[in-house]
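S.K.: give me a 3D structure for the following:
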Amino acid sequence: MAFDPEAVHSAVTLDPATRQTLRTQWCSLMELAVWGEIRSSQIGLLPKLRKRVLDLGEKLRSYAGDRRWIPHPREQIKNALSGSLQARDALDKVAELIPGVDSGSERDAFRTGWDALRHTLEADIGPREARLVSLLDGQYQEEV
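M.R.: Residues are numbered from 1 along each chain as shown. The predicted structure follows:
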């Protein structure tokens, strides 16, 4: 079965408003992680947090990336799913460190920014993955 090009493009392309929201929220979070007045009683937590927030940004870039350069629709879908899984993993790694940010005048702003970013991504990622998996499953059901 051939994939419907419109369905594939729709499934692998992030809504522009969501893309911009994720970018804006991540930039704000990264600025607070690097320049904000946040503190931790755990030695070494903040440098580790900064690296993980940076990694999350890289994974979000992949999650939101344009996949039209990939010639085969099935590979576009698989690439989008891979980007989604990597974004989830990076999100979880940052989440592990958030409780350690326990003081500083911008701690609440940092946590609020984190909650907003996490909520935006989690609201998008589940439905998007379901659409991608459904496209792949549809191909296999037709072959049977």
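S.K.: list the buried ones in the top helix by length along the chain?
M.R.: If you go by DSSP state H, the chain has its longest helix at helix 107-143. Buried residues in helix 107-143, counted by 16 or more other Cβ atoms under 10 Å: 107, 109-111, 113-114, 117-118, 120-121, 124-125, 128-129, 131-132, 135. For glycine as for every other residue, the C-beta is placed from the backbone atoms N, C-alpha and C.
S.K.: so what's the backbone phi/psi at Arg39?
M.R.: phi -140, psi 160 (degrees, to the nearest 10).
S.K.: and it, what is it in contact with?
M.R.: Leu46, Val101, Asp102, Ser103, Gly104, Arg107 (Cβ atoms under 8 Å, 6 or more residues apart in numbering).
S.K.: again with Phe110
M.R.: Counting by Cβ under 8 Å, 6+ apart, Phe110 makes contact with Leu29, Leu32, Ala33, Gly36, Ile38, Val101, Gly104.
S.K.: how does it look with 7 Å?
M.R.: Phe110 makes contacts with Leu32, Gly36, Ile38, Val101, as judged by Cβ atoms under 7 Å, 6 or more residues apart in numbering.
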